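S.K.: here is a sequence with its predicted model. Questions after.
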Amino acid sequence: MTFTTDSSIDAERQAWDAIVVGAGPAGAMAALGLARAGASVLLVEKFDFPREKVCGGCLNGRALGVLDSVGLGTVASQAGGVPIESFRLGQGGRAWNLELPAGMAVSRGPFDQALVRAATDSGASFLPRTEARVASPSREVLRVELEDGRTSRTVEARVVLLATGLSGRGIPEWARPDARITPGSRIGAGCFLDATPSDYPGGTIHMAVGRDGYLGLIRLADGRLHAAAAIEPSALNGGIGPGPIADRILSEAGFPSVAGLREARWKGTVALTRQTHPLGDHRLLILGDAAGYVEPFTGEGIAWALESGRAIVPIALQALKRWEPSMVDQWGAIHRRLVRRRQSFCRAAAIVLRRPVLVRAALDAAAWIPGATAQILQRMNTSRPLVEAS
Ligand SMILES: Cc1cc2nc3c(=O)[nH]c(=O)nc-3n(C[C@H](O)[C@H](O)[C@H](O)COP(=O)(O)OP(=O)(O)OC[C@H]3O[C@@H](n4cnc5c(N)ncnc54)[C@H](O)[C@@H]3O)c2cc1C
């Protein structure tokens with residue numbers, strides 16, 4: 001699949017209605033919605049596409065529901081997604097199995113590419129291999145510097161949506177948003193494995209919990225095993241890489257070892273928490289992981305990103321007509337309702353996972369009260385209706 005690049009988009013174009021920075025699920029979804037509403041949109045991405053990203057790649061029912069609501073119900077399967085039916089959790093030599101109401105495993109390279117394609121098909125322009133930096137504001141526009149490693153130029157937009165992921169890159173110095181990272185947050189790491197044992201069949205998220213963190217394994221459509229972990233920073237301090245730590249987590253959980261896991265080429269992330277406040281400034285709104293993130297244990301990050309990308313569209317369209325400073329707080333309130341409140345369950349899970357006794361107690365309780373577990377799963381997998389900006 002090829003993309004519209006700098007040479008074939010309107011290269012001379014200086015002024016856009018909206019510039020969306022970051023082409024992950026949040027940015028692509030926002031660009032899609034704005035383009036469909038008739039706005040001129042430039043979606044800028046630092047990397048060439050498709051690019052992989054450290055992520056378990058599990059879409060829950062909520063993520064699939066948001067995609068369906070915008071007519072992209074088949075995008076995950078077209079991008080090579082495989083259905084997920086169950087979640088197997090291993091800790092201390094015991095294993096628990098949960099049936100999942102819905103889900104699909106994707107590889108982020110083709111999945112994110114398919115979302116960007118949907119945005120460009122709807123009229124958005126896409127500029128890969130380009131880093132965007134929000135520069136000086138003026139009353140009517142924001143200037144954005146576009147740097148592709150060889151050249152740099154400045155364009156402007158009436159509204160800029162920052163969807164730059166966990167690192168939250170690109171918040172300009174003049175802007176108020178500040179990010180709080182919880183000290184001691186776990187670090188993310190991921191890799192793909194060609195050598196795959198039959199111990200890890202497809203259709204199941206295999207989650208191993210150990211002292212140094214947790215590791216999810218999922219089989220992709222092409223047969224590879226995808227590993228994604230959240231690791232205690234103290235475990236990495238001794239200079240041990242993610243491979244041996246992941247291997248230790250599997251062994252502590254009582255799961256079989258995976259050939260090649262120790263030596264695999266792992267990619268890491270920054271700390272896995274982020275709380276940004278406020279969610280924007282003059283003509284600037286922040287969404288997706290850049291707005292706030294908690295650990296990936298419940299596999300909801302893509303759903304949050306898609307949902308925020310969908311929900312920001314009405315408020316961004318209003319901003320195009322007339323910018324009001326109160327829009328930042330308005331967006332903050334919508335984001336709190338849609339995403340931040342739901343992150344509290346994930347935050348609680350992250351605390352429990354640090355205490356093996358609590359993990360066992362929680363799982364034993366879940367086995368005794370299956371109705372409660374089903375209700376939690378149902379909540380996590382249900383997408384909220386579209387929110388109109390008031
Ligand atoms: C170990 C791990 C496992 C996970 N597993 C799951 C899972 O199974 N299921 C799930 O739902 N979620 C999971 N997540 C979370 C999920 O990956 C994220 O929540 C999701 O990708 C957020 O989407 P986003 O669009 O906000 O950001 P991203 O997907 O991170 O996209 C941001 C994009 O912005 C680009 N960018 C950054 N700065 C600039 C710039 N200045 N100019 C241009 N481009 C820029 C980046 O290159 C990137 O492509 C996991 C995360 C981790 C770390």
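M.R.: That came through fine.

S.K.: flag the shaky bits of the stretch 1-150 of the chain, pLDDT-wise.
M.R.: The stretch 1-150 of the chain contains residues with pLDDT under 70 at 1-11.

S.K.: in it, what residue comes closest to the ligand?
M.R.: Minimum separation of the stretch 1-150 of the chain from the ligand (C-beta to the nearest ligand atom) falls at residue 24, amounting to 2.2 Å. Glycine gets a C-beta too; all of them are placed from N, C-alpha and C.

S.K.: so residue 246 touches residue 225, yeah?
M.R.: No - look at residue 246 against residue 225 with C-beta atoms under 8 Å: they stay out of range, at 11.6 Å.

S.K.: higher neighbour count, the two?
M.R.: residue 246 (30 against 24; other C-beta atoms under 10 Å).

S.K.: just to revisit the earlier point, you'd agree the residue of the stretch 1-150 of the chain closest to the ligand is up against residue 167?
M.R.: No - using C-beta under 8 Å as the test, residue 24 is too far from residue 167 to be in contact (11.4 Å).

S.K.: how about the residues of the protein near the ligand?
M.R.: 21-27, 44-47, 53-58, 131-132, 163-166, 169-170, 188, 190, 228, 230, 269, 272, 288-289, 296, 299-303, 305 (C-beta under 6 Å from any ligand atom).

S.K.: which of these are buried? Put it as a ChimeraX command.
M.R.: The following ChimeraX line selects those of the residues of the chain next to the ligand that are buried, judged by 16 or more other C-beta atoms under 10 Å:
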select :21,22,23,24,25,26,27,44,45,46,53,54,55,56,57,58,131,132,163,164,165,166,170,188,190,228,230,269,272,288,289,296,299,300,301,302,303,305
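
S.K.: which of the residues of the chain next to the ligand fall in helices?
M.R.: 25-27, 301-303, 305 (DSSP state H).

S.K.: export the helix or strand hosting residue 243 as PDB, just CAs?
M.R.: Remark: residue 243 resides in helix 242-253, with elements defined by DSSP states H and E. Taking Å, rounded to 0.1, in the frame of the first residue of the first chain, the C-alpha atoms of helix 242-253 are listed here in PDB:
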ATOM      1  CA  PRO A 242      13.600  -7.200  28.600                       C
ATOM      2  CA  GLY A 243      14.200 -10.700  27.000                       C
ATOM      3  CA  PRO A 244      15.600 -12.400  30.100                       C
ATOM      4  CA  ILE A 245      13.100 -10.600  32.300                       C
ATOM      5  CA  ALA A 246      10.200 -11.700  30.100                       C
ATOM      6  CA  ASP A 247      11.500 -15.300  30.300                       C
ATOM      7  CA  ARG A 248      11.600 -15.100  34.100                       C
ATOM      8  CA  ILE A 249       8.000 -13.800  34.200                       C
ATOM      9  CA  LEU A 250       6.800 -16.800  32.100                       C
ATOM     10  CA  SER A 251       8.700 -19.200  34.400                       C
ATOM     11  CA  GLU A 252       7.300 -17.600  37.600                       C
ATOM     12  CA  ALA A 253       3.800 -17.700  36.200                       C
END
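
S.K.: in that helix, what's buried?
M.R.: 242-243, 245-250, 252-253.

S.K.: ok, and what's touching the helix or strand encompassing residue 341?
M.R.: Assigned by DSSP H and E, residue 341 belongs to helix 341-352. Under the contact criterion C-beta atoms under 8 Å, 6 or more residues apart in numbering, helix 341-352 has outside partners 186, 292-295, 297-298, 300, 304, 358-359, 362, 376, 380.

S.K.: redo that, cut-off 6 Å
M.R.: 294-295, 297-298, 358-359, 362 (C-beta atoms under 6 Å, 6 or more residues apart in numbering).

S.K.: for ChimeraX, write a command that selects the buried ones of those residues.
M.R.: Command for ChimeraX that selects the buried part of these, burial taken from 16+ other C-beta under 10 Å:
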select :294,295,297,298,359,362
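
S.K.: show me what contacts residue 269?
M.R.: If you count contacts by C-beta under 6 Å, 6+ apart, then residue 269 has 54, 188 around it.

S.K.: apply 10 Å and report the result again.
M.R.: Shown in contact with residue 269 (C-beta atoms under 10 Å, 6 or more residues apart in numbering): 53-55, 165-167, 186-190, 228, 230-231, 289, 296.

S.K.: so which of the residues you listed sit within strands?
M.R.: 187-190, 228, 230-231 (DSSP state E).

S.K.: surely residue 317 touches residue 33?
M.R.: Yes - with contact defined as C-beta atoms under 10 Å, residue 317 counts as touching residue 33 (8.5 Å).

S.K.: out of those two, which sits in the busier spot?
M.R.: Between residue 317 and residue 33, counted using other C-beta under 10 Å, the more crowded position is residue 33 (24 against 18).

S.K.: not counting sequence-adjacent ones, nearest residue to the more buried one?
M.R.: residue 313 (3.4 Å; C-beta to C-beta, 6 or more residues apart in numbering).

S.K.: I'd assumed residue 30 was in contact with that neighbour.
M.R.: Yes - with contact defined as C-beta under 10 Å, residue 313 reaches residue 30; the gap is 6.3 Å.

S.K.: which residues are in contact with each of these two?
M.R.: Taking C-beta under 10 Å, 6+ apart as the criterion, residue 313 and residue 30 both touch 18, 161.

S.K.: give the contact list for residue 332.
M.R.: So residue 332 contacts 276-280, 285-286, 291, 340 (C-beta under 10 Å, 6+ apart).

S.K.: repeat that with 6 Å
M.R.: 278-279 are the contacts of residue 332 under C-beta under 6 Å, 6+ apart.
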